[in-house]
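only geometry, no sequence info:
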């Protein structure tokens, strides 16, 4: 018969797995204090799935960088929104976890100055699920490397989806040029789809099942060990 300790182990693992699956609700992450603008000072989000991010530009040169988990690249999107009646001219930037440029946008359309990284874009759909950095700035404030080179193509129009610039070395984010001509500040929102702050619940549940199986194996081994003792 399994010991009480063994049964407690299996029960605990089962409860943890169940909690992993059931404690899932969409949330909007609120910036805590002031999110940094470099990889080392970026703010890690919480929430699974993550519906959005709310934050504030403290000045016209303020940039906020957030770490997110893209769980579904094919449905991932990020759309800047106005908050409190302001009309901030925003730009969005997506980077790898090492700070390499992926995709950027200034104006989502010809009638909107709110930035947008749309779902279904071939660049986004080709990404692997994982952690990334999402940056938001006011129009004109561009990410640069340590020798002040732009990390993204300039583009022919503000509505362009801009990919990583070629011939850049190093290719990773160091800071921002601060050259925005938009003298604004205030609150913003970023609507998200296909994102979270951690891997999808199904991935975590699978890990929980694996742990449970290991626990059950431990119980069986313990039972066999006692049965064969002299």
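Received it, and whenever you're ready, just let me know what you need. If you're wondering where the values come from, they're calculated on a predicted model, not measured in any experiment.

how about the strands in the chain?
Shown for the chain, the strands assigned by DSSP state E span residues 27-30, 43-44, 50-57, 64-70, 77-82, 90-96, 101-105, 116-117, 130-138, 143-144, 161-163, 175-176, 186-193, 195-196.

In a markdown table, list these along with distance to residue 36 and mean pLDDT.
(Glycine included, C-beta is placed from N, CA and C.) Formatted as a markdown table, the strands of the chain follow (distance: least, Cβ to Cβ, whole Å; pLDDT from 0 to 100):
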| stretch | distance to residue 36 | mean pLDDT |
| --- | --- | --- |
| strand 27-30 | 15 | 95 |
| strand 43-44 | 7 | 98 |
| strand 50-57 | 12 | 96 |
| strand 64-70 | 6 | 98 |
| strand 77-82 | 19 | 93 |
| strand 90-96 | 13 | 97 |
| strand 101-105 | 18 | 98 |
| strand 116-117 | 21 | 96 |
| strand 130-138 | 10 | 97 |
| strand 143-144 | 13 | 98 |
| strand 161-163 | 23 | 97 |
| strand 175-176 | 10 | 98 |
| strand 186-193 | 16 | 96 |
| strand 195-196 | 20 | 96 |
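
most tightly surrounded among those?
Highest mean neighbour count of the strands of the chain: strand 195-196, a mean of 26 (counted as mean count of other Cβ atoms under 10 Å).

got a list of contacts for that strand?
Residues from elsewhere that reach strand 195-196 (Cβ atoms under 8 Å, 6 or more residues apart in numbering): 47, 48, 49, 50, 68, 69, 70, 71, 72, 76, 78.

Go again with 7 Å.
47, 48, 49, 50, 68, 69, 70, 71, 76 (Cβ atoms under 7 Å, 6 or more residues apart in numbering).

Let me see the ranges of the helices in this protein.
Under the criterion DSSP state H, helices of the chain are mapped to 4-22, 122-125, 201-227.

In the shortest one, which of the residues would be classed as buried?
Put plainly, it is helix 122-125. residue 124 (16 or more other Cβ atoms under 10 Å).

elements contacting it?
Contact analysis of helix 122-125 by 3 or more Cβ pairs under 7 Å, 6 or more residues apart in numbering; DSSP states H and E lists strand 101-105 as its packing neighbours.

Can you pull out the low-pLDDT segments for the chain?
Low-confidence segments of the chain (pLDDT under 70): 1-25, 85, 200-230.

Can you tell me the centre-most residue of it?
In the chain, the residue lying closest to the centroid (Cα atoms, centre = their mean) is residue 68, at 1.2 Å.

I'd like the distance between that one and residue 129.
Here the criterion is Cβ to Cβ, to the nearest Å. By it, residue 68 lies 11 Å from residue 129.

Quick check: end-to-end length of stretch 57-65?
Start-to-end span of stretch 57-65 (Cα to Cα, to the nearest Å) is 12 Å.

Off-centre distance for that stretch?
18 Å (Cα atoms, centre = their mean, to the nearest Å).

all numbers from here: first residue = 768
Right, with 768 as the first residue, what we last looked at is stretch 824-832.

Identify the residues contacting that stretch?
Taking Cβ under 7 Å, 6+ apart as the rule, stretch 824-832 contacts 798, 801-804, 809, 822, 855, 900, 902-905, 908, 943, 945, 947, 949-953, 955.

for stretch 923-930, same thing?
Stretch 923-930 is touched from outside by 870, 871, 872, 873, 874, 876, 877, 888, 890, 919, 920, 922, with contacts defined as Cβ under 7 Å, 6+ apart.
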